[in-house]
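# Give me a 3D structure for the following:
(one chain, ligands or ions: 1)
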Amino acid sequence: MCQTASLKGKVAIITGASSGIGTAIARRLASDGCAVVVSARRAERLNALASELTAAGGQALAVPADVSDAQQMQALADQTVAEFGRIDIMVNNAGFGFIKPFMESTLAEINSQIDVNFKGVCFGSMAVLPTMDKQQSGTIINIGSIASIRHWSHLAVYAAAKHAVLGFSRSLYEEVRTKGIRVSVICPAAVNTEFLDVAGLTNPPWPAADMIQSEDVAELVMTCINMPKNVSLDTMVLWPTCQSSQ
Ligand SMILES: NC(=O)c1ccc[n+]([C@@H]2O[C@H](COP(=O)([O-])OP(=O)(O)OC[C@H]3O[C@@H](n4cnc5c(N)ncnc54)[C@H](OP(=O)(O)O)[C@@H]3O)[C@@H](O)[C@H]2O)c1
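Modelled structure (predicted):
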């Protein structure tokens, strides 16, 4: 356990915690004393992560849920409050994309990318906001993408969904900032995770070690949380130096 334990007494939900960035965020927050509720669809991975964090002296609960189902997201928030009594941090991180020409996309691929990447963020936020409103405090951190601010061929639907995440987050912030609730968006470029395999990019043009690492994103999540409570970070863009930002 980290000696400073700056997040002792805080409670976080992390979606997409069964892999990559979500797992790293859960580990980082737990190492600072935060109670973490780890969520995704693959229960075995979540249980293994929760056991690892608990064995290291942390507090962790695994709650399987599909972010594209509003009722499951509400149940996730309800279970968190029942177990830990509050929700301080919501990291809407679950997401995926398919890299393929739009004209070859199926209806199912279009719908699922919107449902998970965009509606998942809405449903996650909707589920935790009443609790944060009651507390008059909370931090929502949404994992967008470089595709939230750029356009890319063969990623049209994913980019649209991630643009929506940014528009939603900034607009929501204006609604909730006077309630002590902050909303931030982190927009990474290439991160070394399973995302690229799922997307169909089997041979990324960069060495894995040169890409952004999940732990780098987790560090930025910590920065958002640890800002003075009257300061909200808006949109943060991360590039690995191996990838051109032009
Ligand atoms: N890696 C990159 O280059 C990159 C760049 C920019 C942005 N991002 C964003 O970063 C976030 C995390 O991705 P990652 O890179 O860590 O990829 P990853 O390792 O593939 O992790 C994706 C996570 O999302 C979860 N997930 C997918 N569909 C879900 C659903 N319907 N309900 C609940 N959870 C679901 C997966 O868990 P289950 O399969 O167990 O449900 C998994 O835990 C995503 O939003 C992604 O768009 C990634």
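# is it true that residue 115 touches residue 66?
No - applying CB atoms under 8 Å, one finds residue 115 not in contact with residue 66, separated by 9.1 Å. For the C-beta atoms, the positions are set from N, CA and C on the backbone; glycine is no exception.
# tell me the average confidence for the longest helix anywhere in the chain?
Counting residues, the longest helix found in the chain (DSSP state H) is helix 156-176. Helix 156-176 shows an average pLDDT of 98 in the prediction.
# buried residues in that helix?
156-166, 168-169, 172-173, 176 (16 or more other CB atoms under 10 Å).
# and the worst-scoring helix or strand of the chain on mean pLDDT with the ligand, contact?
Lowest on mean pLDDT, DSSP states H and E among the helices and strands of the chain sits helix 195-199, with a mean of 91. Yes - counting by CB under 6 Å from any ligand atom, the ligand has neighbours in helix 195-199: 195, 196, 198.
# Quick one, grab the pLDDT at residue 3.
43.
# oh sorry, the question was meant for residue 201
On the pLDDT scale, residue 201 is placed at 87.
# And what about it, helix, strand or coil?
coil (DSSP: H, G, I helix; E, B strand; the rest coil).
# Contacts only, for it.
residue 99 (CB atoms under 8 Å, 6 or more residues apart in numbering).
# quick one, phi/psi of it?
phi -90, psi 80 (degrees, to the nearest 10).
# Distance of it relative to residue 160?
According to CB to CB, to the nearest Å, residue 201 and residue 160 sit 19 Å apart.
# Convert the C-alpha atoms of stretch 32-39 to CSV, please.
Extracted C-alpha coordinates of stretch 32-39, given in CSV (Å, rounded to 0.1, in the frame of the first residue of the first chain):
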residue,chain,number,x,y,z
ASP,A,32,-3.4,4.9,-2.9
GLY,A,33,-6.0,3.5,-0.5
CYS,A,34,-9.1,3.9,-2.6
ALA,A,35,-11.8,1.2,-2.4
VAL,A,36,-12.3,0.1,-5.9
VAL,A,37,-15.3,-1.6,-7.6
VAL,A,38,-14.0,-3.3,-10.7
SER,A,39,-16.5,-3.9,-13.5
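# average pLDDT for it?
Mean predicted confidence for stretch 32-39 is 98.
# now swap in stretch 205-215 and tell me
Stretch 205-215 comes out at a mean pLDDT of 96.
# Does the longest strand seen in the chain reach the ligand?
The longest strand of the chain (DSSP state E) is strand 181-188. Yes - using CB under 6 Å from any ligand atom, strand 181-188 reaches the ligand at residue 188.
# partners of that strand in the sheet?
Strand pairing for strand 181-188, determined by DSSP bridges: strand 138-143 (parallel), strand 235-238 (parallel).
# Tell me which residues touch the most far-flung residue of the chain relative to its centre, please.
Largest separation from the mean C-alpha position in the chain: residue 103, at 29.1 Å (CA atoms, centre = their mean). Residues near residue 103 by CB under 8 Å, 6+ apart: none.
# Can you classify it as helix, strand or coil?
helix.
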